[in-house]
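Undergrad: The following comprises the amino acid sequence and a computationally predicted model.
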Amino acid sequence: MANSGILELRLLDTRSAPVEDPSVRVSIRRHDGRLLLRRTLALAPAVRLELPAFPDAHALHGLLEPTRFRAREIPFLSLTHGETVRRDLTVFRRPEEWRARFDAWADLAGGDLAAVLERSPGIRVKGWKVYPELTGAAWDAFGGEREEVPKAALLNVYTRLSTTTAPTTRRSWFSFVRQLLELGRERVIAVVDEEMGTIVQRIRADIASFPDYRRASAGLHHENFPSGYPVAKSRMFSVKTRHEKGNLQLTLAPSVDPSGRETLLLDADIDENGRWLAHALDVFKHRFTGGTHPFDIHEALALETASWPLGYRLARPGSS
């Protein structure tokens, strides 16, 4: 090419480590949409593409479509003759290409999640079955084909609840959880202390004093509560953290347990449509089916900070 430059692309995972992919489709277009290049190649871990330089072409942009990671747009750029432009692009793992490697019970023992699990007999996985206990060897065995998603969802929600401080207190939201009842793809249903309801109601009543929160609609969450715990829609209430806090939605519902004792239920989830996740994904091209996969939440949490104890990592099938 008489007038050209080099675009060097490197993909990084959410921990900023370079990644490799056996087959990546790359498309590059000019500012007017004209296709300049379409090629499939291996990424190990960087690729170099020779492209037309200014003034022959400017405002180049494109799309990377890896096999093991979600597609990622290539932001606009221009090249001058002989120039090399390097771009590091962070990518989320494609859930179906990865498996969860969960921390062992021994790593949880003595912590607050372990304590709650120990007082939570009969946890139900929504749409599947009830587990008499999820502690010790039972926790380590929990994670099969029908269990991987709800276990990951539990650890995602736990991570967010345990690292978010309840306003007017020095306690995490998770510290109010007494018992886990049900695990789903995106949410956890639990019994919580009455004080949690008082705090959430206080936030709703004086929302202007709590800029990290906003009122949220609770009615759509009515069907999430277990059938053995009757809930009146009119008594439910909910708040949602704003995008910079992770779009954690807390929906509370007064109820009675199967023995007739008054109790307060929590439906906790990280909102799949929240602005935080959209912001975290930024220009990632992705399609969700059946709701956001817990692995996407894991990736977004990992991207936000490397210090949180997520409780699992993502690995290729068959790897250690």
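TA: It's in.
Undergrad: now the strands for the stretch 51-200 of the chain?
TA: Using DSSP state E, counting those that start in this stretch, the strands assigned to the stretch 51-200 of the chain run over residues 60-65, 71-77, 84-90, 99-102, 123-125, 130-131, 177-183, 187-192.
Undergrad: from those, which stretch is densest packed?
TA: strand 187-192 (a mean of 24; mean count of other C-beta atoms under 10 Å). For every residue, glycine as well, the C-beta is placed using N, CA and C.
Undergrad: if we look at it, which residues are touching it?
TA: For strand 187-192, the external contacting residues (C-beta atoms under 8 Å, 6 or more residues apart in numbering) are 116, 153-154, 157-158, 176-183, 224-226, 252, 257, 263-269.
Undergrad: Now, the residues you listed that are in helices?
TA: 116, 153-154, 157-158 (DSSP state H).
Undergrad: Max pairwise distance over those: which two?
TA: Using C-beta to C-beta, the ones in helices among the contacts of strand 187-192 span at most 15.2 Å, a distance reached by Val116 and Ala153.
Undergrad: Thought Arg86 was touching Gly5, still the case?
TA: No: look at Gly5 against Arg86 with C-beta atoms under 8 Å: they stay out of range, at 11.3 Å.
Undergrad: Now, of the contacts of strand 187-192, which are buried?
TA: Buried by 16 or more other C-beta atoms under 10 Å: 116, 153-154, 157-158, 176-177, 179-183, 224-226, 252, 257, 263-269, out of the contacts of strand 187-192.
Undergrad: For the nearest residue to Arg316 once chain neighbours are set aside, the count of nearby residues, please.
TA: In space, and not counting its chain neighbours, Arg316 is closest to Trp98: 6.5 Å by C-beta to C-beta, 6 or more residues apart in numbering. Around Trp98 there are 19 other residues, counting by other C-beta atoms under 10 Å.
Undergrad: mind listing what Trp98 touches?
TA: 68, 295, 314-317.
Undergrad: ok, now with 7 Å
TA: When contacts are counted by C-beta atoms under 7 Å, 6 or more residues apart in numbering, Trp98 touches 295, 314-316.
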